[in-house]
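Enquirer: got a predicted structure here, sequence first:
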Amino acid sequence: MSDILKIENLSVNFRSEDGESEVVRGVSFSLKSGETLAIVGESGSGKSVLAKSIMKLLPHNAYIKEGEILLNDIDITSYTERDMQKLRGSVLSMIFQDPMTSLNPTISIGKQIAEAVRLHSPKMKRADVKSRVIELMELVGIENAEERYNLYPHNFSGGMRQRSALAIAIAQNPAILFADEPTTSLDVTTQLQILDLLRDIQKKLGMAVVFITHDLGVVARIADRVAVMYSGKIVEIGTAEEIFYDPKHPYTWGLMKSLPSFAEKGKELYTISGFPPSPGDLPKGDAFAPRNEYALRIDYEEMPPMFKVSDTHYAATWLLDSRAPKVLPPVRRDMNV
Amino acid sequence: MSEIILDVRNLTHHFGIGKKLSVKALDNVSFAVKKGEIFGLVGESGSGKSTVARCVMNILKPTSGEIFCEGINVLNPKEFKKNKKQLEASRQLIFQDSASSLNGRMTVREIVSEPMKIHKVKPPRGTFDAEAEFQLFYVGLDKSLLDKYPTELSGGMRQRVAIARALTMEPRLLVADEPISSLDVSVQAQIINLFAHLRCEHNCSILFIAHDLSVVRYLCDRVGVMCKGKLVELAPVEKLFASPRHPYTKALLSSIPIPDPRLERERVMEKFDYDPKLLSGKLREVSEEHFVLWGDEE
């Protein structure tokens, strides 16, 4: 399969009164058509900014410092807003965490979806638009679509709103969908329905999904590949199996170990000590070093490069250097429910 | 049988919508929290978990039912008035969203020492400042944060400030309404440890309201499952996870994502269709300390 999206050494900076802060630092990854890439990280790790910089939805004080965004081998890094508008919706699309803020409360759900349907085909007949909207609503699992066409977002529950937002996002059969924590504000039962729905739709439309989340349980359900981000860098990337069963980076170990699902009752839960560094004030060397119990001296001096573990699995830690001491991964995989 | 700190009996609350309609937010809910125990209350949004918390804290006046806190009937106005001071100090509430529950115009120092000033409690460590400093240290924050405002802190830090504030009163019952659901995984683990520590060191009882079942499994001793204002199942946590009996509990447990791709991808969620029959009847004991809501005909 060919790479539909390729990010090369992308860096995004934010300007503020206190100077510049590096929020995304030299990120490279690729996305094949039809696959799901999950981007995992804590808040402030730059995962949302990464998605927004590809969509060119960055706030005014942010800019792409360097790097390339290749969409179907075409460099879109320097595309203007007008060029991007042609791509948004039809090639790239996005859903957000809180559907209440991304939907317009004063327009009925049906009309909002119709807007997305008409956007790139303005000459479509009114009846055709409506039938397409109802088709979309049924695709995302809104029952009795015809009756609900004229309802407003406030009439819908959280799950239904997220389904509507999804209908808008897929109206033009986009090739890539960015999903920024789409299930975080939902109940567990609804979350599962939305995840399964997303997977079904993805199969039907052959769409690639970049799924941003901090929930590793969700990642396990939906992702083909996983990228772990820490303070603006991808520290580990690999297939879901590689990341979950054979993680190499100490930060990934820490994330896995701090999950209550793996913890023994009564024992203290593992925590990664300290706090993530502020993007305006990054330490020298590896940003994770001060919190890393396996840190080597070189971690404080020099940023580790991406070491290759397998053809699909890369991790940025000096522990993978041939000169580094051998460390046994502390994550035990036999504690499953 | 250990001592009971909070006893909720037949709690019912209706929210009126307009003149005639009303929603049964709570329908005959009964449970008890023992001393030194972490009692979990789980359910979807709209199941009435937070309404329980608000009734327990005297924020809402329930339509009917009784709540005993350390033997005091808190819903009886006379008894409540008589013991107001003690009740307000011994029960403390922690909210989900500390960004909106902490006053943005007060510094951390003021926030933490305010309860002591209101209740005219003499700070055990001499001055208010010393006490605030100690409580911050206790929840794992640096004293340099004392003069910051809540907006300058991260979510995890704010939640700790909220906990520190509650702790100044040395509460015997802590009601935590989804205290960790807005936090990151690694910060979540720190706050969970803090709660476990509070129980061990202070013998503090906690009513822990959550929707994250993996946290509840790790932290709680007993769990109550709520659905549409009804308590459908009540059991010690191991029993509930090992052998759930009510169909709703089964559906809820089957929807927890497992951080393991091979298991997770194959897993199918159990469906639960809201059937009024399943949500009627009484709590019956099916095995020791394991109660399930069961219809009358079965």
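Expert: Done, it's in. Numbering: from 1, shown residues only, chains lettered A, B, ... in the order given.

Enquirer: check chain B for the residue nearest chain A and tell me.
Expert: Closest residue of chain B to chain A, CB to the nearest CB: residue B:257 (2.8 Å). All C-beta atoms are positioned from the backbone trio N, CA, C, and that covers glycine.

Enquirer: and that residue, how many neighbours does it have?
Expert: The number of residues packed near residue B:257 is 24, by other CB atoms under 10 Å in any protein chain shown.

Enquirer: any buried residues in stretch A:115-134, and which?
Expert: A:116-118, A:129-130, A:132-134 (16 or more other CB atoms under 10 Å in any protein chain shown).

Enquirer: now do stretch B:280-292
Expert: Judged by neighbour count (16+ other CB under 10 Å), stretch B:280-292 contains these buried residues: B:281, B:283, B:286, B:290-292.

Enquirer: so which residues of the chain form strands?
Expert: Using chain A. A:3-16, A:19-32, A:36-40, A:62-71, A:74-75, A:92-95, A:176-180, A:208-213, A:225-230, A:233-239, A:307-308, A:314-315 (DSSP state E).

Enquirer: hm, I was asking about chain B
Expert: According to DSSP E, the strands that chain B contains are B:4-17, B:21-34, B:38-42, B:64-69, B:72-73, B:91-94, B:173-177, B:205-210, B:222-227, B:230-236, B:282-287, B:290-294.

Enquirer: which one of the buried residues of stretch A:115-134 is nearest residue A:327?
Expert: residue A:116 (49.9 Å; CB to CB).

Enquirer: quick one: pLDDT of residue B:102?
Expert: pLDDT, residue B:102: 91.

Enquirer: isn't it up against residue B:161?
Expert: Yes. Under the criterion of CB atoms under 8 Å, residue B:102 makes contact with residue B:161 at 6.5 Å.

Enquirer: so what sits against both of these two?
Expert: Residues within reach of residue B:102 and of residue B:161 at once, by CB atoms under 8 Å, 6 or more residues apart in numbering or on different chains, are B:111, B:150.

Enquirer: what's near enough to touch residue 13?
Expert: No chain specified, so I'll use chain A. With contacts defined as CB under 8 Å, 6+ apart, residue A:13 is in contact with A:20-23, A:62-63, A:65.

Enquirer: not quite, I wanted chain B
Expert: Residue B:13 touches B:24-26, B:48, B:51, B:55, B:60, B:62-63, B:65, counting by CB under 8 Å, 6+ apart.

Enquirer: tabulate those (a markdown table), appending distance to chain A, neighbour count and pLDDT.
Expert: Shown next, in a markdown table, are the contacts of residue B:13 (distance: CB to the nearest CB, whole Å; neighbours: other CB atoms under 10 Å in any protein chain shown; pLDDT from 0 to 100):
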| residue | distance to chain A | neighbour count | pLDDT |
| --- | --- | --- | --- |
| B:24 | 18 | 15 | 84 |
| B:25 | 16 | 23 | 87 |
| B:26 | 18 | 29 | 90 |
| B:48 | 14 | 26 | 87 |
| B:51 | 16 | 21 | 90 |
| B:55 | 22 | 25 | 92 |
| B:60 | 22 | 17 | 88 |
| B:62 | 24 | 22 | 91 |
| B:63 | 25 | 17 | 91 |
| B:65 | 26 | 17 | 92 |
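
Enquirer: just give me the closest of the residues you listed to residue B:167.
Expert: Proximity of those to residue B:167, judged by CB to CB, is greatest for residue B:55, which lies at 23.0 Å.

Enquirer: where does the residue nearest to that closest one when sequence neighbours are not counted fall, phi/psi-wise?
Expert: Here the nearest residue to residue B:55 in space, its sequence neighbours aside, is residue B:62; by CB to CB, 6 or more residues apart in numbering or on different chains that works out to 4.8 Å. Main-chain torsions, residue B:62, degrees, to the nearest 10: phi -70, psi 160.

Enquirer: that older thread, just the buried ones from the contacts of residue A:13, in PyMOL syntax?
Expert: This is how PyMOL selects the buried members of the contacts of residue A:13, with burial counted by 16+ other CB under 10 Å:
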select buried, chain A and resi 21+22+23+62
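
Enquirer: ranges for the helices of the stretch 201-337 of chain A?
Expert: Along the stretch 201-337 of chain A, counting by DSSP state H, counting those that start in this stretch, helices occupy A:216-222, A:240-245, A:250-257.
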